[in-house]
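Undergrad: Attaching a predicted model along with its sequence, questions to come.
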Protein chains: 4
Amino acid sequence: MRGNSFGKMLSITSFGESHGPGIGVVVDGVPPGLEFSLEELQNELDRRAPGQVKGTTSRKEPDTAEVLSGVFEGKTLGTPIAVFIRNTNQRSKDYDKLKEEYRPGHADETYMDKYGIRDHRGGGRSSGRETIARVIGGYFASLVIPKVKVKGFISKLGPFVHKDIPANLDTDFAPYGYPDASKNKDIEKYLVDLKKNGESRGGQARIIIDACPKGLGEPSFDKLKADFAKALMSIGAVVAYSYGLGEEFADIDGSVASSSRDNFGGIEGGISNGSRIILNVTFKPTSTVGEKAKEGRHDPCIIPRAIPVIESMVKLVLADHYLRQNAYSNGMWDE
Amino acid sequence: MRGNSFGKMLSITSFGESHGPGIGVVVDGVPPGLEFSLEELQNELDRRAPGQVKGTTSRKEPDTAEVLSGVFEGKTLGTPIAVFIRNTNQRSKDYDKLKEEYRPGHADETYMDKYGIRDHRGGGRSSGRETIARVIGGYFASLVIPKVKVKGFISKLGPFVHKDIPANLDTDFAPYGYPDASKNKDIEKYLVDLKKNGESRGGQARIIIDACPKGLGEPSFDKLKADFAKALMSIGAVVAYSYGLGEEFADIDGSVASSSRDNFGGIEGGISNGSRIILNVTFKPTSTVGEKAKEGRHDPCIIPRAIPVIESMVKLVLADHYLRQNAYSNGMWDE
Amino acid sequence: MRGNSFGKMLSITSFGESHGPGIGVVVDGVPPGLEFSLEELQNELDRRAPGQVKGTTSRKEPDTAEVLSGVFEGKTLGTPIAVFIRNTNQRSKDYDKLKEEYRPGHADETYMDKYGIRDHRGGGRSSGRETIARVIGGYFASLVIPKVKVKGFISKLGPFVHKDIPANLDTDFAPYGYPDASKNKDIEKYLVDLKKNGESRGGQARIIIDACPKGLGEPSFDKLKADFAKALMSIGAVVAYSYGLGEEFADIDGSVASSSRDNFGGIEGGISNGSRIILNVTFKPTSTVGEKAKEGRHDPCIIPRAIPVIESMVKLVLADHYLRQNAYSNGMWDE
Amino acid sequence: MRGNSFGKMLSITSFGESHGPGIGVVVDGVPPGLEFSLEELQNELDRRAPGQVKGTTSRKEPDTAEVLSGVFEGKTLGTPIAVFIRNTNQRSKDYDKLKEEYRPGHADETYMDKYGIRDHRGGGRSSGRETIARVIGGYFASLVIPKVKVKGFISKLGPFVHKDIPANLDTDFAPYGYPDASKNKDIEKYLVDLKKNGESRGGQARIIIDACPKGLGEPSFDKLKADFAKALMSIGAVVAYSYGLGEEFADIDGSVASSSRDNFGGIEGGISNGSRIILNVTFKPTSTVGEKAKEGRHDPCIIPRAIPVIESMVKLVLADHYLRQNAYSNGMWDE
């Protein structure tokens, strides 16, 4: 009820402050007997870890996952899976001065309004470190729906724009998540310059879902498009969401919209139709700018590290709806 | 679990098919002792009723609300409030031919994929009539948060664009929800022409929330911006959502974004900050086009009738979060 | 959150006051395509209707079910099923004098404490009429688990004691639910005498569940025995619950308890083991005694009419857990 | 949905296997600013720890609590509180032989039926160690309702019977939870003899709740008596539950039952009435008997250690309902 859990049949319960002992998650609803790989989980975590872009952020925490429950001899038990990541590099001294500093667009002040108390050593629960829990959840969700492909990429970052869907979604777009690798040098320079100037930048990302089974999503409030919206808008920096043609739908007539099913981004009546699903999100620039932003640990642009987070939230929604649909449609009594 | 309920402390459970006996809702969690007015409830329902725009839709159902429970001598009892609206004008014969016709962007086919059965006489649960339940819920939500003002208006409809926030939000923007009344004649002509041509159109709307208390929204998954997203994206025709500057955030630097708190649309860290909240939604054109769209009961543009629906969904989120925050912050034991 | 909904995958949301327009329920989570019979539903309702025992209660309301949604051409649609029963015999004048009368053991006073308002014309939400919603829910639950047999019977009513499990559970124990039909005359006399004396009586019932599949129940908080407990203890008159040997377990050594699996009533570790499940409940005497109890509409003993209610609550738990287990165990991706 | 969470406004999510890394819990919904004492939490854990009864169980694990989140400078933050206890004494070698051994009344076999996999090194999730999570939850619940007194005691253990409510509930009934301290020597001898004989025993306990505010409990499915039932019946060894007079209600007339409000155990219409609440539970004997039971780590009777567990479950229900009632009744808008 305090909003730290997400999902119904497959749920994650997130806990931890950025400058407390660590960040953790309980993933409940993973079916038993699925093969678990700590290495693959760690790979996913490394994708969101800081310090990947030269010259932009120096906070390099290992983010080493410890599995506390729910896995035995390399397989899921069907019991709740808890994973914990110790914070190793809090450097809370740096943050003491933040005690009374409220950044616009950030949770600093609203937390005080809401709770009357906060862990002023850092973002606390509102820190980006909380997304660790989501990435862990996303890994386990992918075990439930192994055939579904979920791929995010940057579609806009400063002057770099790539709206088209890349031909080969199996390519690794690391380190930036931008599909055109020939721009990586330029992007690096752009980010380093932002950093030097104490500036930050938002941008946009797209998520492609392939091989999604038909029939996922519930027709009234839990439409697939609505649950994706909630999942993605629950990420701190995300400020806009759309699917299919998105805002372009406002500028075309119905006859044009209906001319191709593709325009509806794989979701009709709130339910997956078996076609490719296309989602779009917009990120605001990170809140810390000016002199403070020049310090080591601040990202000038969060999107490269956010790609595994948005993919994870989408996987969680898909796995949850998969299990929900499974409950009602399969194995009915007489079969 | 089938997604027909929305909200936690204040919840609505929606039921009914467009061509069955009627549409209804159970509103649970309304505190006891609040003054109920059947007339005001009916007014809200009339705002979303069809037939308000000359020449565009002739299906004029009375949509008369019957309160089945939870109200006694003009006051809420604190028990679940059920309201039912009988369908009076189903004309299911008209729809028989729809049995095998699947409209792009519509739920027709995905329902069959999902359930293997549907009420082919009309949209069934996916019909716009389902939004009656939401408007009823919104009315009761407004009893919980009577001081909060929630006002929606059309910001884009074909060539008509009004992004600015109207000076006087107390004005009734009927019948179209467009803030500039001087354009109403032109809008009518535009809609009638769409209808004549068997064409349809989407557009955009904005929702302004004033006098929202600080501290609403939960910091992790149930951020206020995320719950608004889910609420609004759960409406059939809505395809995009944003708050504050929305997609414009992708095109400005952090120093510009942080220059004014207003850019964040009244929500920081997922929590209301006491300032005006600004939300934006985009609607796709209605799915029925061509000869069929020229028939009486089809709207060429749904947004005018959708304004009370989006306002209602926003009120439901606000009242729910108000009650949630109330649980944790008030009346602690010793006080 | 106001406790008017029960169940997760298969849920019922109950509404209605005893002296308002009627009693209703929304049953959500019934899979699509199941065959519905209004006649069978009505039969279940008739089993709990008043007026079956000569000389004990004269309030004979028809309790006619109207299906408002979710069923089409004799089959469930997979959408929420709403059923409504109009109150036809409220006679609220009789109850006016009850406005300030608080019966011990009854909700009269606690409702005022809790809500500060109540529908004083009768029990309101706390009336036994609310159990109509449960019987309707139980009917639909039985469609989900048609092979499971759930049979309740009276094991103690005044001097009549029948702890043994009847040999033939297919026998109809009407009208009292007592397995030994040869006692029916005596029971009738006993009840009529109670009534004459303005007296009331509780008793005990047992519920037998046969052909329950293995593996239902979740091992931690949602153990099958715990969900049965909640389901049955949520009925107004039920004051004690046990399964298997129940309270007798306090008086035997572990070697005796472990000597037969039957002692554990078909549930081990909170999970069904495929054997017969045995549950026991105790009812308190109805609250109305003295002169008022001699009036027509009061039952001197509620258990005969409560049998279909306890059966229904048990069916709801079983169907809910069946769907839950189904979600996780069947149709995994590769199969 | 897998039943590892309990509570709505105040919830606990339990995780951990008896022979995995440890047992943990996430407590969500604790209001911010409450004073936390690690020492008091540890005291509660020590009450349920094994090894307190001489000669009956030698497994002495420290059960040291580590708080992973949600507490800062001695106060709750309002964010989720995670606590973890490492398993230090698993001795899994002892359990290898248990791989194929299924004890009657135990979860061994039903787990295999349900999941097709289990952590055979011990009870896994079904181990009594899982109750650590409940005791931690109960500690935090008590911070929410500091004025409510919840006291459990043994009312029956073998030949020792003490049904009466002790005069002084502030007395510590350690180490057995039996109110008559003069019997402690005899109880110890009884337990040691059971152990020597490879025997086990169940019994009964009562829970007294004083100073419970009026108005807790929701009138339909979430009646206070029903939520207590679920809470207590979710404990592995509990086989029967009642409140007030319990099963005695089956043997008295309504006029007698209604003669004193005390008979209803402080709950009327499912709602607390401000009087003392009385609950009763029955425990079955522990499942391990015979030669294996003579080994060090098995309790011949679990009730002494279960007293803090049943108290904790009751506190969780009370705090949850307190917050729920708080949401709806306090701080309404104009006040």
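TA: It's in.

Undergrad: CA atoms for contacts and neighbours, from now on please.
TA: Fine.

Undergrad: which bits of the stretch 51-200 of chain A sit near chain D?
TA: For the stretch 51-200 of chain A, the contact set with chain D under C-alpha under 8 Å from any C-alpha of the partner chain comprises A:68-70, A:72, A:77-82, A:115-119, A:125.

Undergrad: List only those of these flagged as buried.
TA: Listed as buried from those are A:68-70, A:72, A:77-82, A:115, A:117-119, A:125; burial here means 16 or more other C-alpha atoms under 10 Å in any protein chain shown.

Undergrad: what secondary structure does whatever residue of the stretch 1-150 of chain A ends up closest to chain C sit in?
TA: Closest to chain C within the stretch 1-150 of chain A is residue A:31: 5.4 Å, counting by C-alpha to the nearest C-alpha. Put simply, residue A:31 is coil when judged by DSSP: H, G, I helix; E, B strand; the rest coil.

Undergrad: need the contact list for it.
TA: For residue A:31, the contact set (C-alpha atoms under 8 Å, 6 or more residues apart in numbering or on different chains) comprises A:76, A:77, A:78, A:144, C:328, C:329.

Undergrad: quick check, the fifth one in a helix?
TA: When you say that, I think you mean residue C:328. Yes. Counting by three-state DSSP, one finds residue C:328 located in a helix.

Undergrad: Name the nearest residue to it, ignoring sequence neighbours.
TA: Excluding the flanking residues, the one nearest residue C:328 by C-alpha to C-alpha, 6 or more residues apart in numbering or on different chains is residue A:31, at 5.4 Å.

Undergrad: got it, and the fourth one?
TA: Excluding the flanking residues, the one nearest residue A:144 by C-alpha to C-alpha, 6+ apart is residue A:319, at 6.0 Å.

Undergrad: thinking again about what came up before, out of the buried ones among the residues of the stretch 51-200 of chain A next to chain D, which touch chain B?
TA: Applying C-alpha under 8 Å from any C-alpha to those, those adjacent to chain B are A:115, A:125.

Undergrad: wait, which of the buried ones among the residues of the stretch 51-200 of chain A next to chain D is closest to residue B:7?
TA: Distance to residue B:7 across these (C-alpha to C-alpha) is lowest for residue A:115, with 22.0 Å.

Undergrad: Let me know how buried the residue nearest to the closest one when sequence neighbours are not counted is, in neighbour terms.
TA: Nearest non-adjacent residue to residue A:115, counting by C-alpha to C-alpha, 6+ apart: residue D:32, 5.8 Å away. For residue D:32, the neighbour count with other C-alpha atoms under 10 Å in any protein chain shown is 20.

Undergrad: Kindly report the same for the one 10 residues further on.
TA: Counted by other C-alpha under 10 Å, the residues lying close to residue D:42 total 18.

Undergrad: so it sits right up against residue D:65, yeah?
TA: Yes. Residue D:42 is within contact range of residue D:65, at 6.7 Å (criterion: C-alpha atoms under 8 Å).

Undergrad: Beyond the helix or strand bottoming out on mean pLDDT in chain A, next helix or strand please.
TA: In chain A, the helix or strand scored least confidently by mean pLDDT, DSSP states H and E is helix A:92-96, which has a mean of 56. Of the helices and strands lying after helix A:92-96 in sequence (DSSP states H and E), the nearest is helix A:108-115.

Undergrad: Tell me the buried residues in whichever helix or strand comes after that next one?
TA: The helix or strand immediately downstream of helix A:108-115 is helix A:131-144, counting by DSSP H and E. For helix A:131-144, the neighbour count (16+ other C-alpha under 10 Å) marks A:131-144 as buried.

Undergrad: Also stretch A:256-267?
TA: Buried residues in stretch A:256-267, counted by 16+ other C-alpha under 10 Å: A:257, A:258, A:261, A:262, A:263, A:264, A:265, A:266, A:267.

Undergrad: Let's see which of those residues end up in strands.
TA: The members of the buried residues of stretch A:256-267 that map onto strands under DSSP state E are residue A:267.

Undergrad: Rebuild the buried residues of stretch A:256-267 as CSV, extending it with pLDDT and distance to residue A:107.
TA: Below are the buried residues of stretch A:256-267 laid out as CSV (pLDDT from 0 to 100; distance: C-alpha to C-alpha, whole Å):
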residue, pLDDT, distance to residue A:107
A:257, 95, 39
A:258, 91, 42
A:261, 86, 40
A:262, 86, 38
A:263, 90, 36
A:264, 89, 34
A:265, 87, 33
A:266, 93, 35
A:267, 95, 33
